[in-house]
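Student: okay, sequence plus prediction incoming.
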Amino acid sequence: VSATHNLIHDNQAKTTGGGVNVGAIAGYADFLGDHIYANQAITGGGVYASMGLGSVDLVDVRLHDNQAQQSGGGVYLLGSLASSAITNTHVYSNLAGWDGGGMFLNLSLGGASLFGNYLYGNQAGRDGGGLFASLGGGSFDSINDVFAGNRATRAGSGVLLSSGGGDTFRIKHATLARNTGGDGSGIHVALTSTVQVSNTVIVSHTVGVTVAQGSKATLQNTLWSSGTTWANATNWAGDGTINTIADYGGDPAFVAPDLYDYHIQAGSAAKDKGMNAGVATDIDGQPRDASPDLGADEYPASCTPPASVAVSGPTTVTVGTASTFTATVNPTDTTPALTYLWERTGASPLLHPNSLLTTDTARLTWNAAGTQRVTVTVYNPCGTAQASREVAVEESRQKYIYLYLPLVLRNR
């Protein structure tokens, strides 16, 4: 199965896969550039894939506002010998009644490879607000991923990692911030798991990392932001084995964390604090240097700020009708990533974070007539720019067609 650049939305399933349901003993399922949102199911609100042998890959996919009554609000992947590669995918604002608000990965002897993904603003009724990953002899690698603003009711507000067979989870250059609820852990290590974490930012949690009895975790080169408003209440806890090497404090200096933009600025305490973990690029595909920065983002060797942003679109629109507006940033070589905040009078704002493009579009609707204003603010690691324009919102002019029919009388 191959799905490319599809819009899949507002569907409901009685059991699995509200948006997409794929199952096979052997085969593959590839998703490229798809936009999957506002779907509902018992399991796997957005995507459900069950593969015995083969692969399930997601590249450049947007999954948001999906709901699962049980597990896997955005994605539920089940595999015995299957592997999964998830790359450059945004998983946000999904909801699971049980586990894995953003993603639920249940892989036996297969493996999962995550690279350059954003999981933010997801919620789980039990464990794993952003991600719940379970292994049974397989492998797990997370590189350059962001887990932020997720919520769980029990354990693993950001991420829950679980293996009953002592499997190893490897996390490199992750950014974990502001995950809340339940035990308040950025990462919760359960059962008899082994976790190796390197070059990572773990800030603003009740507990940075919780390691349960029988499990063990090694963290090397970590920014905990002790002594700042970004500090965790406790950096690590639990009855398991925890080893830390090269712990750092200081302000992470994120670009716009309230807008889920966790790129770092020039003054970040994460700069040049990493070891060589064999990761050549960051979450945006920009090169890492010999002394890499901690977290998913590498501050660029040179940074060009946005000098200006222009907003184009209709000057007159109709109440209740969606209209397309475009923001264009100058110069065209402005350093990514760019976060676009669309604000409008008389309606809710829209957020398009972490874009690699110097143009962005938004479909905007107003529910009341009058003179309204659209404001776009664009952020990058070294600057901001803003522009506004007025829009006349008019009542719908309904056209009526009168049809006169003859009156026919019959005598009886």
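Tutor: Great, that's in hand.

Student: mind checking the pLDDT average for stretch 57-68?
Tutor: Confidence over stretch 57-68 (mean pLDDT, whole number) is 97.

Student: residue 93 contacts residue 62, doesn't it?
Tutor: No. Applying C-beta atoms under 8 Å as the test, residue 93 and residue 62 come out as separate, 10.7 Å apart. Yep, even glycine has a C-beta here, placed from its N, CA and C like the rest.

Student: of those two, who's got more company?
Tutor: residue 93 (20 against 17; other C-beta atoms under 10 Å).

Student: show me the contacts for that one.
Tutor: For residue 93, the contacting residues are 64, 65, 121, 122, by C-beta atoms under 8 Å, 6 or more residues apart in numbering.

Student: from residue 144, how far out is the nearest residue to residue 297 once chain neighbours are set aside?
Tutor: Leaving out its chain neighbours, the residue that sits closest to residue 297 by C-beta to C-beta, 6 or more residues apart in numbering is residue 263, at 4.4 Å. Residue 263 is 12 Å from residue 144, where distance means C-beta to C-beta, to the nearest Å.

Student: so those two - more neighbours on which side?
Tutor: A direct count of neighbours by other C-beta under 10 Å for residue 263 and residue 144 places residue 263 higher, at 32 against 26.

Student: for the contacts of residue 93, which single residue is the most surrounded?
Tutor: That'd be residue 122 among the contacts of residue 93, by other C-beta under 10 Å, with 32 neighbours.

Student: these two touch, right, that one and residue 90?
Tutor: No. Using C-beta under 8 Å, residue 122 is not in contact with residue 90; the gap is 11.0 Å.

Student: for the residue nearest to residue 183 when sequence neighbours are not counted, give me its contacts.
Tutor: Nearest non-adjacent residue to residue 183, counting by C-beta to C-beta, 6+ apart: residue 155, 5.0 Å away. Residue 155 makes contact with 126, 127, 128, 182, 183, 185, 188, 190, 210 under the criterion C-beta under 8 Å, 6+ apart.

Student: same thing with residue 317?
Tutor: With C-beta under 8 Å, 6+ apart, residue 317 has these contacts: 323, 364, 366, 391, 392, 393, 394.

Student: could you say what helices and strands the helix or strand hosting residue 311 packs with?
Tutor: Following DSSP states H and E, one finds residue 311 within strand 308-312. For strand 308-312, the packing partners by 3 or more C-beta pairs under 8 Å, 6 or more residues apart in numbering; DSSP states H and E come out as strand 323-330, strand 370-380, strand 383-394.

Student: which among the contacts of residue 317 count as buried?
Tutor: 323, 364, 366, 391, 393 (16 or more other C-beta atoms under 10 Å).

Student: now, among these, which is nearest to residue 233?
Tutor: residue 364 (40.2 Å; C-beta to C-beta).

Student: pretty sure that closest one sits against residue 325.
Tutor: Yes. Counting by C-beta under 8 Å, residue 325 is a contact partner of residue 364 at 5.8 Å.

Student: so what sits against both of these two?
Tutor: In contact with both residue 364 and residue 325: 313, 342, 374, using C-beta under 8 Å, 6+ apart.
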